[in-house]
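1. sharing a sequence plus its predicted fold:
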Amino acid sequence: MNKKLIYNILNIVTVIITVAMFFSCNDNLKQVQKIGISENEPIGVAENINLKYTDSGRVTANLLSAKMLDYSNRDFPFNEFTGGITLYVFDEENKKSIIVSDYAIVYSNTDLIDLQGNVVITTHDGNVLKTEQLYYDQKREWLFTNVPVTFTTKQDEIKGNGFDSNSKFTNAEVLEVTGIISLDD
């Protein structure tokens with residue numbers, strides 16, 4: 001009898017341990033993937049980037065950057081371009097506009113791009129926007145800032161504190177204009 005009682009107790013204990021282990025297991029794939037990766041460190045680093053975007057076989061943009069840090073392992077993922085960017089954008093007629101900045105950050109969840117430091121946009125038709133910070137909303141295709149800007153067209157050089165425009169610059173507006181200089185041809 002003693003052996004049977006011990007055998008039953010061992011079976012009960014084994015069942016209890018198995019059930020406890022079953023209920024304590026979680027799907028911790030994300031935690032396992034993060035092992036060895038600090039949340040403050042990028043999950044990837046790319047250097048000397050030359051990335052071309054195409055649409056229907058036509059190059060629509062060409063991104064050049066010295067260094068990109070990939071923080072897609074964060075709760076609010078982003079890519080940081082610490083070496084600055086040069087972006088060539090080609091319209092439907094293959095006319096090129098150029099965007100340059102010392103630093104850029106792209107937020108994946110919001111499709112917002114934050115350009116910082118010596119931001120210069122030169123459109124294919126000769127308009128030039130200069131500022132220290134500019135945001136681009138990729139969903140709305142909208143450019144905006146609330147810091148000082150200089151916007152040069154063929155006719156005028158306009159200075160102000162803020163800028164709003166669609167991506168094609170067809171309705172570009174300098175906000176809080178502080179000065180306009182008419183340019184002679």
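-> Yep, it's here.
2. for residue 113, grab the count of nearby residues.
-> Per other CB atoms under 10 Å, the neighbour tally for residue 113 reads 21. For every residue, glycine as well, the C-beta is placed using N, CA and C.
3. is residue 143 in a bridge, and if so with what?
-> residue 136, residue 165 (DSSP bridges).
4. wait, what's in contact with it?
-> For residue 143, the contact set (CB atoms under 8 Å, 6 or more residues apart in numbering) comprises 121, 129, 134, 135, 136, 137, 163, 164, 165, 166, 167.
5. same check, this time on residue 118
-> 100, 101, 102, 130, 132.
6. not counting its neighbours along the chain, what's nearest the most centrally placed residue in the chain?
-> The residue lying closest to the centre of the chain (CA atoms, centre = their mean) is residue 106, at 1.0 Å. Distances taken as CB to CB, 6 or more residues apart in numbering place residue 79 nearest to residue 106, at 4.7 Å, with adjacent residues excluded.
7. next SSE after whichever strand or helix holds residue 65?
-> Using DSSP states H and E, the element containing residue 65 is strand 58-70. Per DSSP H and E, the first helix or strand lying C-terminal to strand 58-70 is strand 78-81.
8. rewinding a little: list the buried residues for the strand holding residue 65?
-> Within strand 58-70, the residues that count as buried by 16 or more other CB atoms under 10 Å are 61, 62, 63, 64, 65, 68, 69, 70.
9. from those, which is closest to residue 113?
-> residue 63 (11.0 Å; CB to CB).
10. number of nearby residues for the closest residue to residue 60 other than its chain neighbours?
-> Excluding the flanking residues, the one nearest residue 60 by CB to CB, 6+ apart is residue 53, at 5.2 Å. Look at residue 53: counted by other CB under 10 Å, it has 13 neighbours.
11. quick check: bridge partners of residue 53?
-> residue 61.
12. how far away is it from residue 66?
-> Going from residue 53 to residue 66 by CB to CB, to the nearest Å gives 19 Å.
13. with residue 156 instead?
-> In terms of CB to CB, residue 156 sits 34 Å off from residue 66.
14. and if you look at residue 125?
-> From residue 125 to residue 66 the distance is 29 Å (CB to CB).
15. please apply the same query to residue 176.
-> Distance from residue 176 to residue 66, by CB to CB: 34 Å.
16. surely residue 183 meets residue 155?
-> Yes - the pair residue 183 and residue 155 passes the contact test of CB atoms under 8 Å, sitting 6.1 Å apart.
17. which non-adjacent residue is nearest residue 121?
-> Nearest in space to residue 121, with sequence neighbours left out and distances taken as CB to CB, 6+ apart, is residue 129 at 4.4 Å.
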